[in-house]
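*Asks:* any chance you could fold what I've pasted below:
(2 chains)
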Amino acid sequence: MGTGLLPVPYAMKFRLDYIPKQVCQKVVSERLKEMRIAFSFNALGHLVVETEVSPALLTEINKALAPYGISLSETGKNDIVNDIKKAVEELVYSGDMRKFTTSVYLSKKLGYSYSYLSNLFSEETYTSIENFIILRKIEYAKRLIIAGDMSLTEIAFKLDYSSVAHLSGQFKKVTGLTPTAFLRILEKRNLKTKNL
Amino acid sequence: MSTKPMKVVLVDDDEDDRMFFSDALQEIELDTDLQEFNNGQELLNFLNRPEAELPQLIFLDLNMPVMDGFECLKNIRSNPELENLVVAIYSTSSSERDIEETFVNGANIYINKPNKFEELKKTIAQVVKRNWQYEENEMDKANFLFRI
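*Replies:* Below is the predicted model:
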């Protein structure tokens, strides 16, 4: 005994639990401070560098971050469009639509003027931000209707419609169906699937 | 943002209607690739080929010889490999019973065939764009229902 060659009988294993965003931001913050680069993180977790980043400087930063498996790339139009979609979804699904004016919310969250975001979104997709919001709200309304836990009045309130009539009208405009007809179809469909 | 053309299928036994549709689709300047079939059976034969590249959107007439749209829709929805296909019923029938029956059997969209060319262009564009939005945003296809 005591040769040191035998496996330690009481060796313990630990699972690593970590928050990737937090770890990543900490590492990036430390390296950038060392490089004396002024920066911040915006609400979406994007790195905002307060001076112009030349291609040479970007290479230098990426070199410093490479050992941690982190790399930076410039946000393109597609990234911004995806960020808009993500922010809209967050807003719609939060059920807090009443508290915010969408244009102000998006503008603050993404750090661009609403007119810039709106033009970019229309250029890059087949639709406007306003239409995308309506589509998402109706999708959420569908889910809530199917879940069956809330009345149409409650759903209308949650999604910031002024009345059930307003919600029903927009639902009908988007789907061609009333919320009641939609639910009836889904119920019949489910019944059919169960009976197969 | 999608770079590949959207694969669209039209199933209609009326040759004039197929030409009318195809001309309208070409004029709306969306990147699509159209394939046509005469009836439901022809479509199923195509979809069931092992090498078949599945379309993203099917426009399906209801009244057709050999196999009608109802039967074809039921066949599509009973095949788990085809359950995510988006099916738009494209019919002259405006009967509420037909509309509800097709939705219950798994249709995603119900279109009353427009008679005017400009209206048809508008309708097709609306359907193609909406389907594209659903694909781009990975929305739940099971709840994707609308009628025009």
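*Asks:* which non-adjacent residue is nearest A:Tyr68?
*Replies:* A:Val27 (4.9 Å; C-beta to C-beta, 6 or more residues apart in numbering or on different chains). In this view, the C-beta of every residue, glycine as well, is placed from N, C-alpha and C.
*Asks:* report the separation between the one you found and chain B.
*Replies:* 31 Å (C-beta to the nearest C-beta, to the nearest Å).
*Asks:* contacts for the helix or strand harbouring that residue?
*Replies:* Take DSSP states H and E as the rule and A:Val27 turns out to sit in helix A:20-34. The contact list for helix A:20-34, computed with C-beta atoms under 8 Å, 6 or more residues apart in numbering or on different chains, reads A:39, A:41, A:45, A:47, A:61, A:64-65, A:68, A:70.
*Asks:* and the longest helix along chain B, what does it pack against?
*Replies:* Identified as the longest helix of chain B according to DSSP state H is helix B:117-136. For helix B:117-136, the packing partners by 3 or more C-beta pairs under 8 Å, 6 or more residues apart in numbering or on different chains; DSSP states H and E come out as strand B:6-11, helix B:15-27, strand B:57-60, strand B:86-91, strand B:109-112.
*Asks:* again, only this time at 7 Å
*Replies:* helix B:15-27, strand B:109-112 (3 or more C-beta pairs under 7 Å, 6 or more residues apart in numbering or on different chains; DSSP states H and E).
*Asks:* ranking the ones you listed by burial, who's on top?
*Replies:* strand B:109-112 (a mean of 22; mean count of other C-beta atoms under 10 Å in any protein chain shown).
*Asks:* what lines up beside that one in the sheet?
*Replies:* strand B:86-91 (parallel), strand B:146-147 (parallel) (DSSP bridges).
*Asks:* most packed of those?
*Replies:* Stretch with highest mean neighbour count among the strands paired with strand B:109-112: strand B:86-91 (a mean of 24; mean count of other C-beta under 10 Å).
*Asks:* list the buried ones in the following helix or strand past that strand?
*Replies:* Later in the chain than strand B:86-91, the nearest helix or strand by DSSP H and E is helix B:96-104. Applying a neighbour-count criterion of 16 or more other C-beta atoms under 10 Å in any protein chain shown, the buried positions in helix B:96-104 are B:98-104.
*Asks:* ok, stretch A:110-118 next?
*Replies:* A:110, A:112, A:114, A:117-118.
*Asks:* these into a markdown table, with extra columns for distance to chain B and secondary structure?
*Replies:* A markdown table is the format used below for those (distance: C-beta to the nearest C-beta, whole Å; DSSP: H, G, I helix; E, B strand; the rest coil):
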| residue | distance to chain B | secondary structure |
| --- | --- | --- |
| A:Leu110 | 18 | helix |
| A:Tyr112 | 19 | coil |
| A:Tyr114 | 21 | helix |
| A:Leu117 | 16 | helix |
| A:Ser118 | 17 | helix |
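*Asks:* angle of the helix or strand containing A:Lys192 against helix B:96-104?
*Replies:* A:Lys192 belongs to helix A:179-195 when assigned by DSSP H and E. Angle, helix A:179-195 to helix B:96-104, by axes from the mean of the first three to the mean of the last three C-alpha atoms, to 10 degrees: 60 degrees.
*Asks:* which elements pack onto helix A:179-195?
*Replies:* Helix A:179-195 packs on helix A:129-147, helix A:164-175, helix B:96-104, going by 3+ C-beta pairs under 7 Å, 6+ apart.
*Asks:* pick the most buried one from those helices.
*Replies:* helix A:129-147 (a mean of 19).
*Asks:* and it with chain B, contact?
*Replies:* Yes: Helix A:129-147 lies within reach of chain B by C-beta under 7 Å from any C-beta of the partner chain, at A:135, A:139, A:142.
*Asks:* domains of chain A?
*Replies:* As recorded under automatic domain parsing, the domains making up chain A are A:20-68, A:77-195.
*Asks:* so, low pLDDT: which residues of chain B?
*Replies:* Within chain B, the stretches with pLDDT under 70 are B:1-3, B:137-138, B:141-142.
*Asks:* now chain A
*Replies:* A:1-9, A:43-44, A:194-196.
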